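In: Pasted the sequence and its predicted model underneath.
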Amino acid sequence: MAKLYFYYASMNAGKSTTLLQADFNYRERGMRTLLFTAGIHDRGGKGVIDSRLGIRAVATPFEEATDLRRIAEDAHYESPLACILVDEAQFLSPAQVRQLAHLADEVGIPVLCYGLRTDFQGRLFPGSAELLALADSLVEIKSVCECGRKATMNLRVDGAGNAVRQGEQREVGGNERYVALCRRHFMQRTA
Ligand SMILES: Nc1ncnc2c1ncn2[C@@H]1O[C@H](COP(=O)(O)OP(=O)(O)O)[C@@H](O)[C@H]1O
Ligand SMILES: Cc1cn([C@H]2C[C@H](O)[C@@H](COP(=O)(O)O)O2)c(=O)[nH]c1=O
Ligand SMILES: [Zn+2]
């Protein structure tokens, strides 16, 4: 039976790199994949999955209203898909996560989602909450805080490096805007 996977981590942990490696692995064996990423996350260009290691791939951008199930079913019936890979999965709506579960259960396509667990306030993203509730497999991709502990949280910082405690949940950015920290140091910096 095809499964729904959620690979979660803090920022800068290697999620996009791992996704692109998995994609390459399928494709080098002659299998077809379908890639999605959040339209809002245009750090490397809209519809581009960009890893800090320099590898990148074009993907279908999803917005709130994008019907992932229809896009994937159309592609699958044209030529079978071996796998669906979704980057920035924290930005999925709960309904889109359910569409992905349908694709795994009823169409038989494995779905691998990669994303953040929590935002800059330490709260679950809606897409991540739904994935934590529904995924068959939850896999943590680990990275380290500046102290050497596991970095599980994402601190938002301003231009001077000070913690930002209030704001919109969604704000695209990279290492200049976010720092991955362990819970202890996240709590200290946001206290
Ligand atoms: N030149 C490099 N060589 C090896 N690793 C690198 C290089 N540049 C960045 N990295 C590592 O890549 C990881 C970030 O990868 P990325 O896929 O962009 O993360 P994420 O998608 O989780 O934000 C970090 O662990 C960082 O240390
Ligand atoms: C913590 C946090 C992050 N974001 C945004 C910032 C980036 O555009 C992406 C995560 O990118 P990565 O591939 O994991 O490096 O999410 C946000 O909008 N809100 C937040 O609280
Ligand atoms: Zn720490």
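Out: Structure's in. What do you need? Ligands and ions are numbered 1, 2, ... in the order given.

In: any idea how far stretch 108-126 is from the chain center?
Out: Centroid separation for stretch 108-126 versus its chain: 6 Å, with C-alpha atoms, centre = their mean, to the nearest Å.

In: go on, stretch 155-163?
Out: Once both centres are worked out by C-alpha atoms, centre = their mean, stretch 155-163 turns out to sit 22 Å from its chain's centre.

In: Name the residues that touch that stretch?
Out: With C-beta atoms under 8 Å, 6 or more residues apart in numbering as the test, stretch 155-163 has contacts from 120, 164, 167, 171, 173, 177-181, 186, 189-190. Yep, even glycine has a C-beta here, placed from its N, CA and C like the rest.

In: Next step: those restricted to helices.
Out: Among these, DSSP state H puts 186, 189-190 in helices.

In: Just the buried ones among the residues you listed, please.
Out: In terms of neighbour count (16 or more other C-beta atoms under 10 Å), the buried residues within the ones in helices among the contacts of stretch 155-163 are 186, 189-190.

In: I'd like these written out as CSV, with pLDDT and distance to E78 added.
Out: Output for these, formatted as CSV (pLDDT from 0 to 100; distance: C-beta to C-beta, whole Å):
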residue, pLDDT, distance to E78
F186, 98, 45
R189, 98, 49
T190, 97, 48
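
In: Closest one of the residues you listed to ligand 2?
Out: Within these, proximity to ligand 2 (C-beta to the nearest ligand atom) peaks at F186, which comes in at 10.8 Å.

In: which ones are touching that closest one?
Out: By C-beta under 8 Å, 6+ apart, the contact list for F186 reads 122, 152-155.
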